[in-house]
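Undergrad: Task: produce atomic coordinates for the following.
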Amino acid sequence: MNPAPQTRLVSWPVFWLVNWTERAVLLLLILYMCVHTVPRAWNSLVTDFPNYYVAAQLAHDGFDTSRMYEWDWLEREKDHRAIPIRVIGLVPITPFSTLFLWPFVGLKPLAAKHLWIILNLLLVVPICWMLRSMTGLTYQRIALIFALNFPFYRNLEFGQFYVLLLLLVTAACWATLEGHQAWSGVLVAIAAAAKIFPVMFFVLFLQRRAWRALAWGVVTGAVAVGLSIAVFGWNVHRTYLLEILPWALHGEAMPPYVTSASISGVLHVLFLNEPQWNPNPWHSSVLCFSLLFPVLQMLVLAPAVLLVGGEDKSPRRIMLEWSAMLTASLAISTIPASYNFVLMVLPMCVLSSILLERKQYGWLAALVVAYVGIGFPFPTPARISGLAILLYIPRLPLLIGMLLGIYALLWPRESIRFVFKDWTRCAWAAAMVAAVAFNTRSTFLRESAVREEYAYRFPLQHEGYLNANPQQAGTGIRYIAFTLDGYRLLTEDGNLLLTDPTTGSSDDDLSLTSGAGGTGGSGRLFVERAKSPMSEIIDVDSPARALIEDARDPMLSADGGSLAFIRDDHGRGQLIVRNAFQSGPATDVALTPRSLNVYEASLLSDREYAFAAVGNEKPAQIYLTDANHQNEPLALGESRYPALSPDGQWLAYSHFEHGAWNLWIRNQKTGETKRIGNVPCNEIEPGWESDSKTLLYSTDCGRSLWFTAVARRRVIP
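TA: Predicted coordinates for the structure are as follows:
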């Protein structure tokens, strides 16, 4: 396809002034990138490059990666590799997307990022060539559109993925225009396997009857998923499919009560209460949220679907359809980060070429303002309450305004005839109405149910993003708090808040156990400190040296004479107990075979313990020992987080059902089980208080996936 030559559309003086203004702005922005952005990106490791890098390195080194979406598990592996970044996490990144960094894992993290930055800058060249081919814009103007895209700079700084994604989407659109339907399907499938939302382009293929593109896309998608499963295993993909993706779709895969340019984020702040994160919404109403969320999303998306197709198969029409679907996908995204909007380069080029050809310079100026505003990093306060949030999210209305402009260009003259001429549009409209009705009902039931858990919340003075592993400490409580400075052990007792004084600034506290006889009458305390090259367990009362090296998740026996722990080998855990660890030479005894990958455990003695483990890519199960150390799985279904009560009468655990982990207890004498929680969110990490009747546990109800708060519930009368 040959680009249409650009003609001089205005008088010579105006043309000269515009041309040199464009050059001056472009030069200034290139200087800004060279002097500020690239050096800053080159010399630092910030989110999100280490997320991709660590996941790819784990798979490359043969680790069991079934738990790599768990925040503390991945943090531990990051610490072991001494990667200089405070926090790390994979949610909601797909496993397949991390494979693009496979060639770089042999390098040090910062060296790998250097090559990734160079690659991203090189990818701009073919993107510009294809945009020039499709739109006819000059290279100068395409470069200016790139330079005005502040998300592009953030993409370089964070080592993100979206320049590569822009290449894939642009190449797929270009392939469609060139008649290479198979390649278009292949490229879209690769993009969708990396970042889920490009799957919406399959709707374009359906509406355009591009069966060849659709078929090749399905085949390529299946191959990409198969490759990812072969590398990372089935269990981690099962976690993504059943746990992460559903939470991402309803806007809670990441903390939703923040100033976010998403429909989901705005509605969360306005209508949903959360005791710590959003205690005073503008109007607390689950019903309003449940009605508005699916309706607004569908109103934004529906025209992008219904306006596709028709008799017009011109390149301009096809480019507008691709631009509409891409912009609509970003507008309804529940997790829009600033760097996502580097993708707006494609629709900006398409719209600019059309407006220039039509000599609509006023609309072009408005488009430039909207485009810059969508990507500009406006400062926002950490927390906003009430309708004030609408003043701090210009990106969302500007994005929707730009999308409405695309819809206006796509809108047919004979709109009624256009809609009813093709029966598939009626089918799509009916399906979307049904989807809105279903989502409204399911959202209302889910959001109403999760708020039942609020009655059991334990009020904490220090509210981290994630508060985990709660345990009784005398009359107070100990827990691990995840903050932007890392993971810290905290103890709260009334108005008293204590931090672990032994932790250095670069070390993370990731697990703990305690028993009688410690300082302050609150129990002897043992903490897992994650560092390079391995985690170690320290006695807080004698922190000068590590008590046990290469160990995690300490567990003190009921009599205080034995200390159990889990030791990992390439991500596979084995339960080990060290007897008589306080006096004389200690001996380590393995309590589980290497064929099982132990996730968590609970120990009363070396003859009475339970653990959760997986084997042969099966779901996690809870195993219980007997006097002969015959570790037999209990018939509890998919279960984790076992906790034996101090009196040995009860086993608390979390059972996975309908996409959520809920609390259950088991009578150890009769084997009878009883459901404690019945909510569409997670109740995990139970721990008994000394009365063997009350549980402390972690819950993410009303928050975001695995960003847990602490709850306390009496479960035995």
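Undergrad: backbone phi and psi for Arg451, please?
TA: The phi/psi pair for Arg451 (degrees, to the nearest 10) reads phi -80, psi -10.
Undergrad: what's the following helix or strand after the helix-or-strand element of the chain with minimal mean pLDDT?
TA: One helix or strand of the chain scores below all others by mean pLDDT, DSSP states H and E: helix 415-421, with a mean of 57. The helix or strand immediately downstream of helix 415-421 is helix 423-450, counting by DSSP states H and E.
Undergrad: Does that next one pack against any helices or strands, and if so which?
TA: helix 201-207, helix 286-306, helix 415-421 (3 or more C-beta pairs under 8 Å, 6 or more residues apart in numbering; DSSP states H and E). Heads up, the C-betas are built off the backbone N, CA and C, glycines and all.
Undergrad: how about that helix: buried residues?
TA: 425, 428, 432, 436, 439-440, 443-444, 446-447, 449-450 (16 or more other C-beta atoms under 10 Å).
Undergrad: before we move on, what about stretch 573-589?
TA: 573-578, 581.
Undergrad: closest to Val710 among those?
TA: Gly573 (24.6 Å; C-beta to C-beta).
Undergrad: where does the closest one land on pLDDT?
TA: Listed pLDDT for Gly573 reads 96.
Undergrad: burial of the closest residue to Leu242 other than its chain neighbours, as a residue count?
TA: Distances taken as C-beta to C-beta, 6 or more residues apart in numbering place Gly659 nearest to Leu242, at 5.5 Å, with adjacent residues excluded. Using other C-beta atoms under 10 Å, Gly659 is surrounded by 14 other residues.
Undergrad: Next, the angle helix 423-450 makes with whatever helix or strand Ser698 lives in.
TA: Here Ser698 sits within strand 694-699, counting by DSSP H and E. For strand 694-699 against helix 423-450, the angle by axes from the mean of the first three to the mean of the last three C-alpha atoms, to 10 degrees is 150 degrees.
Undergrad: what inclination does the helix or strand following strand 694-699 have with respect to strand 694-699?
TA: Later in the chain than strand 694-699, the nearest helix or strand by DSSP H and E is strand 709-714. For strand 709-714 against strand 694-699, the angle by the same axes, to 10 degrees is 150 degrees.
Undergrad: Could you verify my assumption that Leu227 touches Leu99?
TA: Yes - contact criterion C-beta atoms under 8 Å: Leu227 and Leu99 qualify, at 7.3 Å.
Undergrad: So which of these two has more stuff around it?
TA: Applying other C-beta under 10 Å to Leu227 and Leu99 shows that Leu99 carries more neighbours, namely 21 against 14.
Undergrad: ok, the more buried one touching Val225?
TA: No - judged on C-beta under 8 Å, Leu99 makes no contact with Val225 at a distance of 11.6 Å.
Undergrad: Please name the nearest non-neighbouring residue to Val450.
TA: Closest to Val450 by C-beta to C-beta, 6+ apart is Cys701, at 4.2 Å.
Undergrad: Relative to Ala709, how far out is the one you found?
TA: 8 Å (C-beta to C-beta, to the nearest Å).
Undergrad: Between those two, point out the one with more neighbours.
TA: Ala709 (29 against 23).
Undergrad: The more buried one bridge partners, please.
TA: Beta-bridge partners for Ala709, by DSSP bridges, are Thr699.
Undergrad: before we move on, what about the one 4 residues further on?
TA: Taking DSSP bridges, one finds Leu695 as the beta-bridge partners of Arg713.
Undergrad: re the thing from before, from what I can see the residue nearest to Val450 touches Ser448, true?
TA: No - between Cys701 and Ser448 there is no contact under C-beta under 8 Å: 11.4 Å.
Undergrad: immediately after the helix or strand hosting Tyr371, which helix or strand?
TA: Using DSSP H and E, the element containing Tyr371 is helix 361-375. Scanning forward in sequence from helix 361-375 by DSSP H and E, the next helix or strand is helix 395-410.
Undergrad: And that following helix, what's buried?
TA: Neighbour-count burial for helix 395-410 [16+ other C-beta under 10 Å]: 395-396, 398-400, 402-403, 405-407, 409-410.
Undergrad: Stretch 634-644 too?
TA: 634, 636, 638-644.
Undergrad: Likewise for stretch 479-498?
TA: 479-482, 486-492.
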